[in-house]
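Trainee: using only what follows, build the 3D model:
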Amino acid sequence: MQRKAYVPGIAALLAALLAGCTGGSASDGTAADPKPGDVSVNTPAAQPGKYRTLPEACAAVSHDSLDSLLPGIKQITDQDQRDTAYEGQATLTYDTDRRVGCGWKVDSTDATDHLSVDFERVVSYDNTVSDDSRAQDIYATEETAANLPEASPSATPSDTGSATSTPSATPSTSASSTASSTASASASTSAGPSETPADLQPRKLSSLGDEAFLNDKLNSGTSTAQQRTVTVVFRTSNVIVRIEYAEQPTASTGTPDSEEMQDKARNLAQKLVDRLNG
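Mentor: Next up, the predicted model:
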């Protein structure tokens, strides 16, 4: 009989100890506070990015766009060779779910043109940082590395490549001041072919994706011909797209046209934005 009375007593003691260790509700019905350092289970995870997949890079650029960017394609008479030129060459990547790219190189009678397109889908592995925020950080690093010049206070480049005109002179402006401005404008238009006009300088683009910038570099290659490379980088949600378009004239004295190349690269960028959002 003593053994039977002892066992229930031990059970009651164990039950009391377990109740004290589980951190259950307090006597007033409120939940007990978590231990210091515990992460609250009510903290919401950061939102995932808009994009879960990437397009096929070599199929993302239409034949019409390739005809414009790479005029040498239309000069290829053999149909099989032309089809191969349209296909491009896929960039080697180790995770096509996260990054894909494609490149094209075509010779024409006037120049050699290169085009590459790169798509990166950014995924944050930190539950407190969204995919979009992580993509913003990566994009900002690339924009900083581009060393874009400071925008001129008197002329802000627009997405169309032309500068916004300054306000016209007031009636009190002297004739000499007007003449001086005219002379200055004339001098700027007479810049040498190797100089990039102010409205075509590397710059941010305000209406392409969530944020974008354009870079334009003119470099001398192995020959005396100058190669121009136009780069457009834009971000839309958690995807960053990089376009690089380069041209080197066949003639040693040739210089690729900055405005024409920028327009072609920006038009392609807009088509890729539409494709991603379509």
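
Trainee: isn't residue 85 up against residue 76?
Mentor: Yes: in this structure, residue 85 is within contact of residue 76 by Cβ atoms under 8 Å, at 6.0 Å. Every C-beta, even on glycine, is put in place using the N, C-alpha and C of the backbone.

Trainee: what is in contact with those two at once?
Mentor: residue 106 (Cβ atoms under 8 Å, 6 or more residues apart in numbering).

Trainee: now do the contacts for residue 72.
Mentor: Applying Cβ under 8 Å, 6+ apart, the residues contacting residue 72 are 85, 106, 107, 108, 109, 111, 112, 113.

Trainee: so it, which of the three states?
Mentor: helix (DSSP: H, G, I helix; E, B strand; the rest coil).

Trainee: ok so, going back, from the contacts of residue 72, which is closest to residue 120?
Mentor: residue 113 (23.7 Å; Cβ to Cβ).

Trainee: what's the separation between that closest one and residue 204?
Mentor: Applying Cβ to Cβ, to the nearest Å, the value for residue 113 to residue 204 is 26 Å.

Trainee: what helix or strand does residue 254 sit in?
Mentor: Residue 254 is part of no helix or strand, with elements assigned from DSSP states H and E.

Trainee: surely it meets residue 109?
Mentor: No: contact between residue 254 and residue 109 fails when scored by Cβ under 8 Å: they sit 11.9 Å apart.

Trainee: higher neighbour count, these two?
Mentor: Set side by side, residue 254 and residue 109 show more neighbours around residue 254, with 16 against 8, by other Cβ atoms under 10 Å.

Trainee: which stretches of this structure have low pLDDT?
Mentor: 1-43, 152-196, 220-224 (pLDDT under 70).

Trainee: where do the helices sit along it?
Mentor: Using DSSP state H, the helices of the chain run over residues 2-21, 63-69, 79-87, 131-145, 175-189, 258-277.

Trainee: out of residue 113 and residue 204, which sits in the more crowded spot?
Mentor: residue 113 (23 against 16).

Trainee: now for the more buried one: which residues touch it?
Mentor: 69, 70, 71, 72, 104, 105, 106, 245, 246, 247.

Trainee: kindly recompute the last result at 10 Å.
Mentor: 66, 69-73, 104-107, 245-248, 256, 261, 264 (Cβ atoms under 10 Å, 6 or more residues apart in numbering).

Trainee: and if you look at residue 243?
Mentor: 61, 69, 115-118, 214, 230-234, 264-266, 268-269, 272.

Trainee: can you say which of those are buried?
Mentor: 61, 69, 115-118, 214, 230-234, 264-266, 268-269, 272 (16 or more other Cβ atoms under 10 Å).
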